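>>> Just a sequence and a predicted model for now, questions to come.
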Amino acid sequence: MKKICFSSLIILFLIVSFSLKIFSQMNSSEDSSSEERENSLVRIFGAGNTESGKITNDVVLICSEGTVRGTVTSDCVVIFGKVHLKRGSEIQGDLVAICSSIERDRGVTVKGDTVNIASYEMSAVPSFIMSVFSSWDIVLALIILLFFRNYVRGLTDRFVSNPASSFIAGFLWLIGFIPLIILLAVSIIGILFIPLVPLLYFLGFSFGFAVLGHMIGDKIASVTGKECKEPARSVIGLFLVLIIFKLIALFPVLGGLTVEVIKMLVRTFGLGLFIMTLWEASKRKSFRSGKK
């Protein structure tokens with residue numbers, strides 16, 4: 001019965017993910033007349049661009065990718081996404097990136113403040129490296145495998161023993177992201193913790209890819225029978241995952257959608273594992289303090 005319920009949740013998650021991606025493509029392909037009426041670019045689970053020579057009021061990208069070519073009279077906000085600021089583009093307000101990547105060409109003007117929370121700029125990074133490490137959470141997963149391999153091994157054992165609970169916990173925290181932000185925003189003390197929430201999700205997503213790389217590395221070692229010490233084994237596993245993603249993405253239409261859905265599944269499992277581990281660690285700490 002548990003296997004049936006778990007399989008049903010996975011299937012439901014895949015259906016919703018594919019639906020969101022297809023909807024985002026339909027949303028991004030809307031005629032330009034509606035964008036001119038709204039005079040702003042807002043994308044959720046999609047992609048969008050501003051045209052050169054045109055003026056846009058606001059740019060908001062949530063779990064999306066976008067390219068800015070013209071002038072943005074207000075703010076540019078990117079949450080869990082990626083934005084490319086083309087040469088000659090101008091943002092007259094603030095540039096805010098939360099758990100996102102910013103690719104900034106030369107000649108870009110930002111008159112307001114630039115706020116990076118768990119984000120990075122890619123202007124100084126070679127393009128061929130970024131084509132491999134196309135996601136910020138995969139980059140951090142590599143760092144985690146290099147310095148926190150014992151912790152990753154513990155998360156892997158937990159996932160193997162009970163994957164259903166990890167997925168359910170991660171899924172609940174995913175759908176609770178916006179309500180959690182709103183709840184913290186309406187409270188006086190909670191406002192101070194809002195920047196920590198994206199960081200928490202950021203780490204959870206990255207641990208998902210670290211666990212996947214560790215599992216693939218162990219599988220390769222067991223199949224080939226060759227000795228390979230950590231962290232090299234897990235790093236090789238992560239690189240193999242990236243290569244598989246690139247190969248799947250070569251298939252037209254469904255290739256890219258499939259890769260994004262797989263990434264979302266990995267992030268969901270990783271977030272669940274990370275949250276459950278933190279929760280149990282806090283319970284053990286409170287138990288020990290109460291015992292004393």
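Happy to help now that I have it. Numbering: from 1, shown residues only.

>>> Is V72 in contact with N57, as I believe?
Yes - counting by Cβ atoms under 8 Å, V72 does reach N57; the two are 7.5 Å apart. For every residue, glycine as well, the C-beta is placed using N, CA and C.

>>> So these two - more neighbours on which side?
Taking other Cβ atoms under 10 Å, V72 and N57 do not tie; V72 has more neighbours (25 against 13).

>>> what are the phi and psi values for the more buried one?
When read as degrees, to the nearest 10, the backbone of V72 gives phi -110, psi 110.

>>> and the closest residue to it other than its chain neighbours, backbone torsions?
With Cβ to Cβ, 6 or more residues apart in numbering as the criterion, V72 has its nearest non-adjacent residue at 4.6 Å, and that residue is I91. Taking degrees, to the nearest 10, you get phi -110, psi 110 for the backbone angles of I91.

>>> Equivalent analysis for the one 5 residues further on, please.
For V96, the backbone dihedrals are phi -120, psi 120 (criterion: degrees, to the nearest 10).

>>> Could you do F251 as well?
Dihedral pair for F251: phi -70, psi 130, per degrees, to the nearest 10.

>>> Before we move on, what's the pLDDT of it?
Note on F251: pLDDT of 82.

>>> and it, what does it touch?
Contact partners of F251, counting by Cβ atoms under 8 Å, 6 or more residues apart in numbering, are T258.

>>> Could you point out which residue ranges in the stretch 1-150 of the chain have low pLDDT?
1-38, 45-46, 118-136 (pLDDT under 70).

>>> try 80
1-39, 44-48, 51-54, 63-64, 80-81, 98-101, 116-139 (pLDDT under 80).

>>> The stretch 151-292 of the chain now?
Where the stretch 151-292 of the chain drops to pLDDT under 80, the residues are 185-192, 194-195, 225-231, 246, 249, 252-256, 281-292.

>>> Okay, helices next: where are they in it?
Counting by DSSP state H, counting those that start in this stretch, the stretch 151-292 of the chain has helices at residues 163-175, 177-186, 196-224, 232-249, 254-291.

>>> Nearest to L142, out of those helices?
Of all the helices of the stretch 151-292 of the chain, helix 232-249 sits nearest to L142, with 6.2 Å by Cβ to Cβ.

>>> Just checking the distance from that closest one to the centre of its chain.
Mean C-alpha position of helix 232-249 versus that of the full chain (Cα atoms, centre = their mean, to the nearest Å) differs by 17 Å.

>>> for that helix, which positions count as buried?
233-238, 240-242, 245 (16 or more other Cβ atoms under 10 Å).

>>> Just the CA atoms of that helix, as CSV, please.
Taking Å, rounded to 0.1, in the frame of the first residue of the first chain, the C-alpha atoms of helix 232-249 are listed here in CSV:
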residue,chain,number,x,y,z
ALA,A,232,36.5,11.6,-6.4
ARG,A,233,34.0,8.8,-6.7
SER,A,234,31.0,11.1,-5.9
VAL,A,235,32.4,13.9,-8.1
ILE,A,236,32.6,11.5,-11.0
GLY,A,237,29.0,10.5,-10.3
LEU,A,238,27.9,14.1,-10.4
PHE,A,239,29.7,14.7,-13.7
LEU,A,240,28.0,11.7,-15.2
VAL,A,241,24.6,13.0,-14.1
LEU,A,242,25.4,16.3,-15.8
ILE,A,243,26.4,14.5,-19.0
ILE,A,244,23.2,12.5,-19.0
PHE,A,245,21.2,15.8,-18.5
LYS,A,246,23.0,17.2,-21.6
LEU,A,247,22.2,14.2,-23.7
ILE,A,248,18.5,14.1,-22.7
ALA,A,249,18.2,17.8,-23.4
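
>>> what's the angle from it to helix 196-224?
Counting by axes from the mean of the first three to the mean of the last three Cα atoms, to 10 degrees, helix 232-249 lies at 100 degrees to helix 196-224.

>>> Which elements pack onto helix 232-249?
With contacts taken as 3 or more Cβ pairs under 8 Å, 6 or more residues apart in numbering; DSSP states H and E, helix 232-249 sits against helix 136-147, helix 196-224, helix 254-291.

>>> what do you get if the cut-off is 6 Å, keeping everything else the same?
Here helix 232-249 is seen to pack against helix 196-224, helix 254-291 when contacts are counted using 3 or more Cβ pairs under 6 Å, 6 or more residues apart in numbering; DSSP states H and E.

>>> will you turn these into JSON lines that also has mean neighbour count?
Formatted as JSON lines, those follow (neighbours: other Cβ atoms under 10 Å):
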{"stretch": "helix 196-224", "mean neighbour count": "21"}
{"stretch": "helix 254-291", "mean neighbour count": "17"}
